[in-house]
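Asker: My questions concern the predicted model and sequence given below.
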Amino acid sequence: MNLEFTEEMTMLQDGLNKFLQHEYDFESRQKLSRQGIGYSEEHWQSFAEMGLLGVAFDEQYGGFGLGQTGLIVVMEAIGKGLVLEPYLASIILGGQLVQQAGNEQQKEHILPALISGELKLAFAYVERQGRYNLADIACKAEKQSAGYLITGQKSVAFNAETADHIIVSARTSGDTISKDGISLFLINKSTKGLSFRHYETVDGLRASEVSLNDVMVDSSALLGELDNAYVTIESVLDSAAAAICAEGVGVVGQLREKTVEYLKTRKQFNQVIGHFQVLQHRVVDMFMAEEQMRSLAYLAAIRVDEGQFDARTKSVSAAKIYMGDARSIVAEQAAQLHGGIGVTDELDVAHYVKRLTMLNTLFGDRDYHLQRFSKV
Amino acid sequence: MDLKYTEQEQVFQQEVREFLHANYPVDIQQKVAKGIALKKSDYVRWQKILADKGWVAPGWPKEFGGPGWTPVEKYIFEEECGAANCLRTVAFGLVMLAPVLIQFGTDEQRKKYLGDIYNSDLWWCQGYSEPNAGSDLASLQTKAVKEGDHYIVNGSKTWTTHGHYADMMFTLVRTSQEDKKQKGISFLLIDMKAAGVTVDPIITVDGMHVVNQIFLEDVKVPVENLVGIEGDGWTIAKYLLQHERTYIAQVPRSKKQIARLKKLAQQEMYNGKPLIEDSQFSAKIAQVEVELMALEMTNLRVLSKLSAGDSPGVESSLLKIKGTEVQQAITALLMEAVGYFGFPYIKETMLEGWQDEPIGPEEASVLAPHYFDWRKSSIYGGSNEIQKNIMAKAVLGL
């Protein structure tokens, strides 16, 4: 057993931390978030040059082959810097779908370009009635002689605006809520019938509503087996959930650090407020939550790499549950301990609070994962 | 022990209900129900309707224009207003300053201000907190130095709600440096249009502008704007904060929000069934309802004591903590109810006149911003930690 980072991971981490230090101060982040596409293409190219985009992919496609554990350092840094670039949307969701479900041709066509930063993906899987149930899919794909005709609505597809291809989950057979009969399609963004409504998200990212109106794709657009995509979707979303748990560790670390710093400097009643035991205990609770979250995030990554279904789902859900708890233990308390300034737009704390809160929602909230955990 | 209203109280309840039904503007009601930002003109319009009826200032003694209601009648009024999604009257003038003027002010001050407060012709804000005086309010540093028949005021106030709307600000200032910091504080009324007053907006986490920082630079304030005597400010402030804290509990509003939550959970689907049928989610609603039920009964017990002639005391601290905890828990559940639809942030949906098609459930995009914004409620009005200190000292004798 060895739970230390490998040399490669440490190098990645150092490179990323340096990048964040120089290029990603909070003011620059806020500016980026509020203009244009909501992130920097230049940063994206830097990520490609640093090798970040290929961390988890197989070496034969230009990746580093570090797997899910390799993503820990990347995602923790993304959390730490409140990074806006579409790493989760394009590399983890999009890239993992292609890596896990794609045929040789699709992988060769997509992955090297994805890793070099030339191409981006987005995954449209949320539906209005579905909540967190990944099998609740009403969007329909009908077999036609030349391919498939897809019609339906998808919601909250992250970074679809700048993606070149959208991967869509659609029902090719079976009833809504049936795990059988779901298929994935890789659709070029310029395909006729595909339309978008782009917006900012509450945590400063970008997402889109996606309408598919008689979108005609040919058979080669099918990603993975017909009717059998559920297992892939679940696996990729577990990988993504494990990744955002590492992101959450980065966010929580910042909230803990900033709150402790504030307790050491803010004076009331003729002393720094860090002298008050009631406040000390709250930041100690934050610290403990952070360490436990880190443990579960590492565990989840290891289990994802091992690939055993029960162990994977259980550990991923455990990590997500803990991150849900962190909403009250860390996010709400960080705001509370900062007082009024903690709920202003101007201070970075509020933005870490927002991200941690929305990380609970993403890929199923605490309640969803409690239920899933108890059923495994 | 009996919870039922007397026949007379029931008649009153019916009267309030009918009045609200007939007179509360529907457009304002819609804005409140949907969580849309309210404008000064909305408040003024509704308050003037209430003023015409004689109901705008339930807390005022009858001789100053109050309706002369019993504590139970006041409660009924608040409850009916909550149930009708009424806009709450702005507290600064009507609920906070007016009782202070009545208790501590001069006849001239009462004559000068009460009428305009009653008719919403004079808009007030509260100058209490300072950048370096939050929970430790008594350490405030804004200075007022007497020169002839004026005070010269220098300093800064912050978290000033509606500071950009206000004509006047009631302010705590330091008029002398005593060894006990509470002693040198005075209560001063400052004209927001006076030279040297600057209002800087503070944008909160929801992206909205409600609070401000106020800068005071050599502001000349006539001595007749002092309320009470010099050095009496802390006593006045405490008196006023008790009024603020009971106002903060907002039981009727929370009841309405629970109803809104249930409606939303009925409408949202999960696993092919309404979300409210999900046992986990409905248990979470139940948990908040139990807390609210207890809070309402505690509130009624306080009320019953008031009716028997007791004065409000530290109960206001309890009501403030539990009230804000319930409010915050409901905002969290509302956000959770819409799942992924908490993500879209469309600021315009929180403003008047937005007509586009909603993304996901109607109103969904205001729910996460509201959740974040309501974090403030356990901070303002004396943070919940300070309320616990008060109770530890005053109730438990620690």
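Answerer: Alright, I've got the coordinates.

Asker: A:Gln268 contacts B:Ser139, doesn't it?
Answerer: Yes: using CB atoms under 8 Å, A:Gln268 makes contact with B:Ser139 at a distance of 7.0 Å. Using the backbone N, CA and C atoms, a C-beta is placed for each residue, glycine as well.

Asker: Pull the number of nearby residues for the single nearest residue of the stretch 201-350 of chain A relative to chain B.
Answerer: Relative to chain B, the nearest point of the stretch 201-350 of chain A is A:Gln268 (3.7 Å; CB to the nearest CB). When neighbours are counted by other CB atoms under 10 Å in any protein chain shown, A:Gln268 registers 19.

Asker: Then B:Asp310?
Answerer: Residues within reach of B:Asp310, counting by other CB under 10 Å, total 11.

Asker: could you measure it against chain A, distance?
Answerer: Between B:Asp310 and chain A the distance, using CB to the nearest CB, to the nearest Å, works out to 30 Å.

Asker: Surely that residue is in a strand?
Answerer: No: residue state for B:Asp310 (DSSP: H, G, I helix; E, B strand; the rest coil) corresponds to coil; a strand is not indicated.

Asker: Could you pull out the residues contacting both of A:Gln268 and B:Ser139?
Answerer: Any residue near both A:Gln268 and B:Ser139 by CB atoms under 8 Å, 6 or more residues apart in numbering or on different chains counts here, and that gives B:Ala133.

Asker: Which residue, neighbours along the chain excluded, lies closest to the residue of the stretch 201-350 of chain A closest to chain B?
Answerer: Spatial nearest neighbour of A:Gln268, excluding adjacent residues (CB to CB, 6 or more residues apart in numbering or on different chains): B:Asp136 at 3.7 Å.

Asker: That neighbour and A:Gln271: what is the separation?
Answerer: 10 Å (CB to CB, to the nearest Å).

Asker: of the two, who's got more company?
Answerer: More crowded of B:Asp136 and A:Gln271, by other CB under 10 Å: B:Asp136, with 17 against 11.

Asker: check whether the lengthiest helix in chain A contacts chain B.
Answerer: Criterion DSSP state H: the longest helix present in chain A is helix A:230-265. No: on the criterion CB under 8 Å from any CB of the partner chain, helix A:230-265 is out of touch with chain B, staying 11.5 Å away.

Asker: List the buried residues for that helix?
Answerer: A:230, A:232-256, A:258-260, A:262-263 (16 or more other CB atoms under 10 Å in any protein chain shown).

Asker: now swap in stretch A:187-205 and tell me
Answerer: Judged by neighbour count (16+ other CB under 10 Å), stretch A:187-205 contains these buried residues: A:187, A:189, A:191, A:194, A:196-205.

Asker: repeat for stretch A:338-347
Answerer: In terms of neighbour count (16+ other CB under 10 Å), stretch A:338-347 has its buried residues at A:His338, A:Gly339, A:Gly340, A:Ile341, A:Gly342, A:Val343, A:Thr344, A:Asp345, A:Leu347.

Asker: Stretch A:278-287 too?
Answerer: By neighbour count on 16+ other CB under 10 Å, the buried set for stretch A:278-287 is A:Leu279, A:Arg282, A:Val283, A:Met286, A:Phe287.

Asker: May I have it exported as CSV, CA atoms only?
Answerer: Extracted in CSV, the C-alpha atoms of stretch A:278-287 (Å, rounded to 0.1, in the frame of the first residue of the first chain):
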residue,chain,number,x,y,z
VAL,A,278,-17.0,28.7,19.7
LEU,A,279,-15.4,29.9,16.5
GLN,A,280,-12.3,27.8,16.9
HIS,A,281,-14.4,24.7,17.0
ARG,A,282,-16.2,25.6,13.8
VAL,A,283,-13.0,25.9,11.9
VAL,A,284,-11.7,22.7,13.4
ASP,A,285,-14.9,21.1,12.1
MET,A,286,-14.0,22.5,8.7
PHE,A,287,-10.6,21.1,9.0
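
Asker: what does it rub up against?
Answerer: A:252, A:255-256, A:259-260, A:263, A:273-274, A:329-330, A:333-334, A:336-337, B:385, B:388.

Asker: Now do the contacts for A:Ser220.
Answerer: By CB under 8 Å, 6+ apart, the contact list for A:Ser220 reads A:Gln105, A:Gly147.

Asker: Helix, strand or coil: sort out it for me.
Answerer: Under three-state DSSP, A:Ser220 falls in the helix class.

Asker: Quick one: name the residues of the stretch 101-250 of chain B near chain A.
Answerer: Residues of the stretch 101-250 of chain B lying near chain A (CB under 8 Å from any CB): B:129, B:132-136, B:139, B:158-159, B:202-205, B:207, B:211.

Asker: Quick check: of these, which has the highest neighbour count?
Answerer: Among these, B:Trp159 has the most neighbours (other CB under 10 Å), with 27 neighbours.

Asker: Verify the contact between that one and B:Val211 for me.
Answerer: Yes: B:Trp159 is within contact range of B:Val211, at 5.0 Å (criterion: CB under 8 Å).

Asker: Now do the shared contacts for the two.
Answerer: Common contacts of B:Trp159 and B:Val211, defined by CB under 8 Å, 6+ apart, comprise A:Gly340, B:Ile202.

Asker: and B:Trp234, how many neighbours?
Answerer: As a burial measure, B:Trp234 scores 20 neighbours (other CB under 10 Å).

Asker: quick one: it and B:Lys183 touch, right?
Answerer: Yes: B:Trp234 is within contact range of B:Lys183, at 7.4 Å (criterion: CB under 8 Å).

Asker: Buried residues in whichever strand or helix holds B:Ala51, which are they?
Answerer: According to DSSP states H and E, B:Ala51 maps onto helix B:40-53. By neighbour count with 16+ other CB under 10 Å, helix B:40-53 contains the buried residues B:Asp42, B:Tyr43, B:Val44, B:Trp46, B:Gln47, B:Ile49, B:Leu50, B:Ala51.

Asker: average pLDDT across that helix?
Answerer: Per-residue pLDDT over helix B:40-53 has a mean of 96.

Asker: now swap in stretch B:218-227 and tell me
Answerer: For stretch B:218-227, mean pLDDT is 98.

Asker: contacting residues around that stretch?
Answerer: Outside stretch B:218-227, the residues that touch it by CB under 8 Å, 6+ apart are B:100-101, B:104-106, B:108-109, B:144, B:146, B:149-154, B:170, B:186-191, B:194-197, B:236.

Asker: Distance check, the residue positioned nearest the centre of chain A against A:Asp238.
Answerer: Closest to where the C-alpha atoms of chain A average out (CA atoms, centre = their mean) is A:Leu88, at 4.1 Å. Using CB to CB, we find A:Leu88 at a distance of 14 Å from A:Asp238.

Asker: helix or strand right after the strand ranked longest in chain B?
Answerer: Under DSSP state E, the strand in chain B containing the largest number of residues is strand B:209-222. Counting by DSSP H and E, the element after strand B:209-222 in chain order, helix or strand, is strand B:226-227.

Asker: Which parts of the chain are helices?
Answerer: Since you didn't name a chain, this refers to chain A. Assigned by DSSP H, chain A shows helices spanning A:7-23, A:26-33, A:41-49, A:67-81, A:96-101, A:104-115, A:230-265, A:277-306, A:309-326, A:333-338, A:348-361, A:366-375.

Asker: my question was about chain B
Answerer: Taking DSSP H, the helices of chain B run over residues B:7-23, B:26-34, B:40-53, B:71-83, B:91, B:98-104, B:107-118, B:233-249, B:251-267, B:279-307, B:315-337, B:364-373, B:384-394.
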